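>>> next comes the sequence, and after it the predicted model I'd like to discuss.
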Amino acid sequence: MAVKPLDDRVLVKQSEAEEKTAGGIILPDTAKEKPQRGKVIAAGPGKLNDSGTRNKMSLKVGDEVYYGKYSGTEIKIDGEPYVIIRESDVLAVIGK
């Protein structure tokens, strides 16, 4: 992949939006909410602190994460939706 996040940022591939509600109602494209869940595809080296050393990233490639609704920058790579977010904007890592 040609995209390499910098500092404490991660590249997340967004999950697909829900097609149906819990009650079975099919949602049109205009009613679907953007997903807040995805998979970490690439991670930066960590944030550079004042002493000149890098803080270790707690996220790694392959982690499934939840992130804030309005956090990050949405981009498209080869027509696929991705979001670049800071590590601090990740709300939770989904256990396997």
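Noted; the coordinates are in hand.

>>> what sits against the closest residue to residue 40 other than its chain neighbours?
What sits nearest to residue 40 in space, not counting adjacent residues and going by Cβ to Cβ, 6 or more residues apart in numbering, is residue 63, at 4.5 Å. C-beta coordinates here come from the backbone N, C-alpha and C atoms, glycine included. Contacts for residue 63 were tallied using Cβ atoms under 8 Å, 6 or more residues apart in numbering; they are 39-40, 93-94.

>>> again, but for residue 6
residue 44.

>>> give the residue spans of the protein that score low on pLDDT.
Across the chain, the ranges flagged by pLDDT under 70 are 1, 16-35, 96.

>>> now the strands for it?
In the chain, the strands defined using DSSP state E lie at 9-14, 37-43, 64-67, 73-77, 80-86, 90-94.

>>> out of the ones you listed, flag the one nearest residue 56.
strand 37-43 (10.7 Å; Cβ to Cβ).

>>> by contact count, what packs against that closest one?
strand 9-14, strand 64-67 (3 or more Cβ pairs under 8 Å, 6 or more residues apart in numbering; DSSP states H and E).

>>> mind giving me the packing neighbours of the last one?
What it means is strand 64-67. Using 3+ Cβ pairs under 8 Å, 6+ apart, strand 64-67 sits against strand 9-14, strand 37-43, strand 90-94.

>>> so which of those is the most surrounded?
Across those, averaging neighbours per residue (mean count of other Cβ atoms under 10 Å) puts strand 9-14 on top, at a mean of 22.

>>> measure stretch 43-55 end to end?
End-to-end distance of stretch 43-55 (Cα to Cα, to the nearest Å): 13 Å.

>>> how about it: buried residues?
Neighbour-count burial for stretch 43-55 flags 43-44, 47 (criterion: 16 or more other Cβ atoms under 10 Å).
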